[in-house]
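In: Structure for this input, please:
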Amino acid sequence: MSPQGSGGQPAWFRPSLPVKFVLTACAATAAETVTFPLDITKTRLQIQGEAVDRFRKTAKPYRGMIQTAIGIVREEGLFKLWQGVTPAIYRHIVYSGVRMVAYEQLRDSLLKKNKDGYFPLWKAVVGGMVSGAIGQFFASPTDLVKVQMQMEGRRRLEGKPPRIHGVYHAFVKILSEGGIQGLWAGWIPNVQRAALVSLGDLTTYDTVKHFLLRNTTLKDGSLCHGLSSICAGLVAATMGTPADVIKTRIMNQTRDKQGRGLLYSSTYDCLKQTIKREGLLSLYKGFLPTWARMAPWSLTFWLTFEQIRKLTGLNSF
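Out: Residues are numbered from 1 along each chain as shown. Predicted coordinates:
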């Protein structure tokens with residue numbers, strides 16, 4: 001038998017930052033794998049209509065969420081719904097691990113809770129945005145690879161030559177074309193989106209959960225965690241979709257030998273061109289699959305995360 005430490009966990013186990021990072025990575029991997037088909041559907045929807053004048057009669061009509069998913073399966077195969085899942089998991093190991101650890105550190109050490117033991121809303125907002133931005137900055141290269149891999153099937157159907165042949169080749173190609181800096185192409189809208197999504201996800205989950213615990217008869221269990229995660233997914237999708245559309249288009253564009261984008265020169269340029277050609281509502285392309293994905297993603301992640309913490313002897317988040 002292993003000697004026991006405080007809280008019932010083995011003596012070798014300590015609620016250190018690396019341990020919290022690993023637990024978060026496990027929960028994020030499960031959530032990402034389950035919901036990834038919705039992510040590739042969202043990405044394809046966001047790219048449709050790119051560089052096409054919305055007033056031009058020759059413009060092709062967009063397919064909806066279900067039709068896009070069915071089209072991927074019919075035209076490319078069932079398993080193409082998971083194309084790009086490997087860098088997506090890498091991304092979430094870095095992104096979710098860093099942002100969760102950062103948020104908890106900010107909440108418990110720097111910003112601190114009130115005397116009654118609860119975290120004020122304004123502090124939760126600051127903590128959510130800062131931790132999300134930090135996490136996404138470090139994870140941005142893996143996000144870039146994921147977006148490009150997700151679009152490979154569409155390029156082949158259009159008769160275009162493949163740009164990449166796997167995760168390793170994608171990293172090598174990006175480095176050869178744009179250097180280290182090229183790995184952070186699109187990082188500004190990416191970080192902006194992550195700050196908003198993390199604000200919606202972390203802040204909403206933390207706030208709703210403790211509101212329910214203070215003001216209802218719900219216990220700190222799966223029902224409370226589930227209700228909080230559903231609210232978190234909706235708010236995160238609403239706040240993050242516009243920045244996600246811009247981020248996806250900048251990351252997917254072809255680049256010259258100097259690593260400069262051939263379609264958009266900057267985040268603002270992409271935003272301006274998108275609205276001009278496709279209208280303001282185009283910023284919410286892919287909202288339904290984003291929401292449809294974030295709801296089960298949040299549910300899977302938070303339930304798994306809370307259960308893993310409980311099983312390993314950590315306090316509830």
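In: Now tell me which helix or strand of this structure has the poorest mean pLDDT.
Out: helix 152-157 (a mean of 70; mean pLDDT, DSSP states H and E).
In: What's the first helix or strand after that one?
Out: Helices and strands here follow DSSP states H and E; after helix 152-157, the next one along the chain is helix 167-182.
In: Extract the CA atoms of the following helix or strand past that next one and return them as CSV.
Out: Following the chain from helix 167-182 toward its C-terminal end, the next helix or strand by DSSP H and E is helix 187-198. Output of helix 187-198 as CSV, limited to C-alpha atoms (Å, rounded to 0.1, in the frame of the first residue of the first chain):
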residue,chain,number,x,y,z
TRP,A,187,-1.9,34.5,-33.7
ILE,A,188,-3.5,37.9,-33.0
PRO,A,189,-7.1,36.9,-33.9
ASN,A,190,-6.4,33.5,-32.4
VAL,A,191,-5.4,35.0,-29.1
GLN,A,192,-8.4,37.4,-29.3
ARG,A,193,-10.8,34.6,-29.9
ALA,A,194,-9.2,32.5,-27.1
ALA,A,195,-9.6,35.4,-24.6
LEU,A,196,-13.3,35.7,-25.5
VAL,A,197,-13.9,32.0,-25.5
SER,A,198,-12.1,31.5,-22.2
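In: Point out the other helices and strands that the very next helix or strand once past helix 187-198 packs with.
Out: Going down the chain from helix 187-198, the next helix or strand is helix 204-215, by DSSP H and E. The criterion is 3 or more CB pairs under 8 Å, 6 or more residues apart in numbering; DSSP states H and E, and the helices and strands that helix 204-215 contacts are helix 121-150, helix 222-252. C-beta: built from backbone N, CA, C; applies to glycine.
In: cutoff 10 Å now
Out: Helix 204-215 sits against helix 121-150, helix 222-252, helix 287-311, with contacts defined as 3 or more CB pairs under 10 Å, 6 or more residues apart in numbering; DSSP states H and E.
In: what sits against the residue lying closest to residue 200 once chain neighbours are set aside?
Out: Nearest residue to residue 200, sequence neighbours excluded (CB to CB, 6 or more residues apart in numbering): residue 236, at 3.4 Å. By CB atoms under 10 Å, 6 or more residues apart in numbering, the contact list for residue 236 reads 128, 132, 193, 196-205, 290-291, 294-295, 297-298.
In: One more pass at 8 Å, please.
Out: Counting by CB atoms under 8 Å, 6 or more residues apart in numbering, residue 236 makes contact with 196-201, 204, 294, 298.
In: Make TSV from the residues you listed and add distance to residue 109 and neighbour count to it.
Out: Converted to TSV, the contacts of residue 236 look like this (distance: CB to CB, whole Å; neighbours: other CB atoms under 10 Å):
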residue	distance to residue 109	neighbour count
196	24	23
197	23	29
198	18	30
199	20	24
200	23	25
201	21	29
204	22	24
294	28	30
298	25	28
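In: Looking at these, which is nearest residue 210?
Out: Nearest to residue 210 out of those is residue 204 (CB to CB; 11.2 Å).
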